[in-house]
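>>> fold the following.
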Amino acid sequence: MVLPRAIDAIWSDMEAVRAEALREVDGLSQAQVDWRPAGTEWSIGEILSHLSVAETQTGKLTTKLTREAEAAGALAPYPADVAAFAPIPAPPMHGMQAPPAVQPERGVPVTRLLADLRAVRARSRQSMEKIAGVDPRPLTFKHFALGELNLAQWWTLQARHDGAHLEQIRAVKVAPGFPRA
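Residues are numbered from 1 along each chain as shown. Sure thing, here's the model as predicted:
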């Protein structure tokens, strides 16, 4: 399915950041993926687990909001005149605690982490195709730190979120003590 320009821009951002993250972890050993720079900091594996869980939650939110709007007879078609969606504020990623619903799993085999990332991305494509046919702007849900966001903004946040954690992965890899194999 060809996505409308504004939705395609979000999808392209998501794909570009994910490709970078996958390149950063390509070839890492299980020891490297499980290593933590400090006791309270996440390992690369935990970061990858968190990315999968968070993206899964955004997909579930998309399903929930579109179903509710459809049941209420309030699902509007995608507006042909939308070139871009309202921006979202930059989330304060550093020092934030992930809500319980998106806490990572620890000690997951790297092969499963990578498979999970690929599987959730395939489901996310379906979510993007779903909102490509409806107006995502009235479909809103409150983010714990950013307030009310519409579905387009939630998916924009997903790309930005991945980018912040990409930087976190890079920081782990250059931290003193990171295993070399």
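>>> okay, now the closest residue in space to E41 that isn't next to it in sequence: neighbour count?
Nearest in space to E41, with sequence neighbours left out and distances taken as CB to CB, 6 or more residues apart in numbering, is V172 at 7.7 Å. (Each C-beta comes from the backbone N, C-alpha and C, glycine too.) Here the number of neighbours of V172 (other CB atoms under 10 Å) works out to 22.
>>> from the contact counts, what lies against the helix or strand harbouring V172?
For V172, the host element (DSSP states H and E) is helix 151-174. Under the contact definition 3 or more CB pairs under 8 Å, 6 or more residues apart in numbering; DSSP states H and E, helix 151-174 sits against helix 5-25, helix 44-71, helix 110-131, strand 140-143.
>>> kindly recompute the last result at 7 Å.
Here helix 151-174 touches helix 5-25, helix 44-71, helix 110-131, going by 3 or more CB pairs under 7 Å, 6 or more residues apart in numbering; DSSP states H and E.
>>> from G27, how far out is the residue positioned nearest the centre of the chain?
For the chain, Q158 is the residue whose C-alpha lies nearest the centre (CA atoms, centre = their mean; 3.5 Å). Relative to G27, Q158 is positioned 26 Å away (CB to CB, to the nearest Å).
>>> L51 reaches H165, doesn't it?
Yes. With contact defined as CB atoms under 7 Å, L51 and H165 form a contacting pair (5.9 Å).
>>> what about R23, neighbour count?
Neighbours around R23, by other CB under 10 Å: 10.
>>> check what pLDDT it gets.
Reported pLDDT at R23 in the predicted model: 97.
>>> distance check, it against L51.
In terms of CB to CB, R23 sits 14 Å off from L51.
>>> tell me how far R170 lies from A159.
Taking CB to CB, one finds R170 at 17 Å from A159.
>>> more neighbours, those two?
Neighbour tally, R170 and A159, criterion other CB under 10 Å: the higher count belongs to A159, 18 against 14.
>>> give me the neighbour count for the residue lying closest to that one once chain neighbours are set aside.
Nearest residue to A159 in three dimensions, chain neighbours excluded: D13, at 4.0 Å (CB to CB, 6+ apart). Using other CB under 10 Å, D13 has 17 other residues around it.
>>> so D13 is in contact with H161, correct?
No. Shown here, D13 and H161 do not form a contact pair, counting by CB under 7 Å, at 11.1 Å.
>>> hey, what's in contact with both of these two?
Taking CB atoms under 7 Å, 6 or more residues apart in numbering as the contact rule, D13 and H161 touch no residue in common.
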